[in-house]
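> turn this into a structure:
(one chain, ligands or ions: 1)
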Amino acid sequence: MKILASTWVLTCDENFSIIHDGAVVFTDKIIEIDYKERIQKKYPDIEITQLEENSVLMPGLVNSHVHLEFSANSSTLKYGNFMDWLDSVIKNREELINKANNEVINAQLKKIQKTGTTTIGAISSYGFELEACAKSNLNVVYFNEVIGSKPDMIDTLFSDFKARLNNSKKYASNRFFPAIAIHSPYSVHPILLQHCLNIARNEDLAVSSHFLESPQEHQWLHKNEGGFLNFFKNFLGQEKAVTKPMEFLNTFSGIKKLSFTHCVETKKEELEKIKSLGAYINHCPTSNRLLNNNKLDLTKIKDIKFSIGTDGLSSNNSLSMFDELRNALMIHTEENCVDLSKKLLRAATFKGSRALGLNNKGSIQKDYDADMICIKMPDKVESIDDLALNIILHTKFVKQMYIGGEIV
Ligand SMILES: [Zn+2]
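Next comes the predicted model:
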């Protein structure tokens, strides 16, 4: 049993409780949280490790959506327009994927850790980052992604998907969770989608899908026109979308651990459906900005839960969640920054873990996994109300990290 004491203990629980001069008792799970004075009296024989002045102890961050296989991109891909970006991905994909060897991916995993993330939802297109993820210190929900809209390819693509999924299952543990990713409504044939979702239902696996990321996707799915028309004609000989947004969403009924990424073009009816599915929205503000897509309207998704993801380095310059949170804070000018900061930290911890189907992470609460980070504020924080904002503004790296109660 260990005890850590800190100037501030930020629980990220339902009420966003913060304890000044608090302490946390833990093994691999959190046992108790209270004021340091009271913990001292209750556990007189256990040595308390006091973190330095102006320290914050809080749950490790959860990056609910990242593509590590694109970690070799920095300045290769074209930003500023979704179709131009997609063309540049197709043109440079092979070279970028080949460049993203174990060394490159391990370096990014280390950075992710140093910048305070204890859990990631990793979308895997090829399975090339499997070993690096499984061997890392992080908790990983590993989403094997399926893609393919051509009917004559369904059997081949489904076999390939199953092989990757089965391979990832070999690494399953209390830190590594095989899961299923659907690329998007425009790129996955409804029959292929059904097959994959049946596996998820039978095995209770987490599922995630990109959904309505760009205006072009919205136009294509609703009207079979716009920027995607030429793309599908040229690459796949298709002139019609394989599904409509609502049909697509309906297919996910009965999936218990479910999230949709981006959703910036979702309209009222689709949002209602996402809500009734009990799904989370993975919000990736930097990626949306760089591809010049719209931003998620937080006022419209009020009663739908959202988490935060960095997306991959294919559409971001950083996989640090604190960088992402700063961007989110600056982008959502419609919200008060003090209130928004609290919402964002909840989204990046508690809600992120729920989006990934992990129910005992993302908060410092009794019986939760002891995944915690220690950070230091540059100076005294006068108002408890401003603590969340100051954490987001000032944190680049963490001082220490605990995963499952152990220092990593
Ligand atoms: Zn993505």
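
> excluding residues flanking it in the chain, which one is nearest residue 273?
On the basis of CB to CB, 6 or more residues apart in numbering, the spatially nearest residue to residue 273 that is not a chain neighbour turns out to be residue 249, at 4.6 Å. Any C-beta I mention is one placed from the backbone N, CA and C, and that applies to glycine too.

> just give me the neighbour total for that neighbour.
23 (other CB atoms under 10 Å).

> please report how far it lies from residue 279.
In this view, residue 249 and residue 279 are 9 Å apart by CB to CB, to the nearest Å.

> any idea which element the residue nearest to residue 273 lies in?
With elements delineated by DSSP states H and E, residue 249 resides in helix 245-250, which encompasses its position.

> what residues of the helix or strand bottoming out on mean pLDDT in the chain count as buried?
Within the chain, confidence by mean pLDDT, DSSP states H and E is lowest for helix 227-236 among all helices and strands, at a mean of 89. Neighbour-count burial for helix 227-236, counted by 16 or more other CB atoms under 10 Å, picks out 227-229, 231-232.

> next one: stretch 108-115
Using 16+ other CB under 10 Å as the burial criterion, the residues of stretch 108-115 that qualify are 108-109, 112-113, 115.

> follow-up on the earlier one: so which of the buried residues of helix 227-236 is the closest to residue 338?
Top of the list for closeness to residue 338, among the buried residues of helix 227-236 and by CB to CB, is residue 227 at 39.1 Å.

> sec struct for the spatially most central residue of the chain, please.
Here the mean C-alpha position of the chain is nearest to the C-alpha of residue 64 (CA atoms, centre = their mean), at a distance of 1.1 Å. Local secondary structure at residue 64 is given as strand here, using DSSP: H, G, I helix; E, B strand; the rest coil.

> ok, residue 118 - contacts?
For residue 118, the contacting residues are 59-62, 138-139, 361, 371-373, 401, 403, by CB atoms under 8 Å, 6 or more residues apart in numbering.

> swap in 7 Å and give it another go.
Residue 118 makes contacts with 60-61, 138-139, 371, 401, 403, as judged by CB atoms under 7 Å, 6 or more residues apart in numbering.

> how far away is the residue lying closest to residue 312 once chain neighbours are set aside from residue 282?
Taking CB to CB, 6+ apart, and ignoring the residues beside it in sequence, residue 312 has residue 67 as its nearest neighbour in space, at 3.0 Å. Per CB to CB, residue 67 is found 12 Å from residue 282.

> between the two, which is the more surrounded one?
Neighbours were tallied for residue 67 and for residue 282 using other CB under 10 Å; the higher tally belongs to residue 282 (31 against 26).

> ok, residues contacting the helix or strand hosting that one?
The secondary structure element spanning residue 282 is strand 280-283 (assigned by DSSP H and E). For strand 280-283, the external contacting residues (CB under 7 Å, 6+ apart) are 64-65, 208, 259-261, 263, 274, 296, 301, 304-309, 351, 354-355.

> in its sheet, what does that strand sit against?
As defined by DSSP bridges, the strand partners of strand 280-283 come to strand 258-262 (parallel), strand 306-308 (parallel).

> which of those sits most buried?
For the strands paired with strand 280-283, the stretch with the most neighbours on average is strand 258-262, a mean of 28; neighbours defined as mean count of other CB atoms under 10 Å.

> show me what contacts the residue nearest to the centre of the chain?
121, 259, 282, 307-309, 352, 355-356.

> just put the residues you listed in a markdown table and tack on pLDDT and distance to residue 268.
Compiled in a markdown table, those are given as follows (pLDDT from 0 to 100; distance: CB to CB, whole Å):
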| residue | pLDDT | distance to residue 268 |
| --- | --- | --- |
| 121 | 98 | 27 |
| 259 | 98 | 20 |
| 282 | 98 | 20 |
| 307 | 98 | 21 |
| 308 | 98 | 23 |
| 309 | 98 | 24 |
| 352 | 98 | 25 |
| 355 | 98 | 22 |
| 356 | 98 | 27 |
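
> which single one of the residues you listed is nearest to residue 392?
residue 308 (11.0 Å).

> check the nearest residue to that closest one once chain neighbours are set aside and give its pLDDT.
When the adjacent residues along the chain are set aside, residue 308 lies closest to residue 348, with 4.6 Å between them (CB to CB, 6+ apart). According to the per-residue confidence, residue 348 scores 98 in pLDDT.

> list the contacts for residue 348?
Under the contact definition (CB under 7 Å, 6+ apart), the residues listed for residue 348 are 61-62, 308, 321, 325.

> just residue 277 next, same as before
Under the criterion of CB under 7 Å, 6+ apart, the contact list for residue 277 reads 249, 252-253, 258.

> closest to residue 195 among those?
Proximity of the contacts of residue 277 to residue 195, judged by CB to CB, is greatest for residue 252, which lies at 13.6 Å.

> I'd say the closest one and residue 259 touch.
No: taking CB atoms under 7 Å as the definition, residue 252 is not a contact partner of residue 259, at 10.3 Å.

> report the next helix or strand after the longest helix belonging to the chain in sequence order.
Secondary structure of the chain read by DSSP state H shows that its longest helix is helix 82-99. Toward the C-terminal end, the helix or strand that comes next after helix 82-99 (DSSP H and E) is helix 102-114.

> for that next one, packing partners?
When contacts are defined as 3 or more CB pairs under 7 Å, 6 or more residues apart in numbering; DSSP states H and E, helix 102-114 sits against helix 130-135.

> strands of the stretch 151-300 of the chain, start to end?
Using DSSP state E, counting those that start in this stretch, the strands found in the stretch 151-300 of the chain span residues 176-182, 207-211, 258-262, 280-283.

> hang on, residue 376 packs against residue 54?
Yes: look at residue 376 against residue 54 with CB under 7 Å: they come within range, at 6.0 Å.

> between the two, which has more neighbouring residues?
residue 376 (19 against 16).

> picking up where we left off before, next, the angle helix 227-236 makes with the longest helix of the chain.
Between helix 82-99 and helix 227-236, the angle formed by their directions is 40 degrees, by axes from the mean of the first three to the mean of the last three CA atoms, to 10 degrees.
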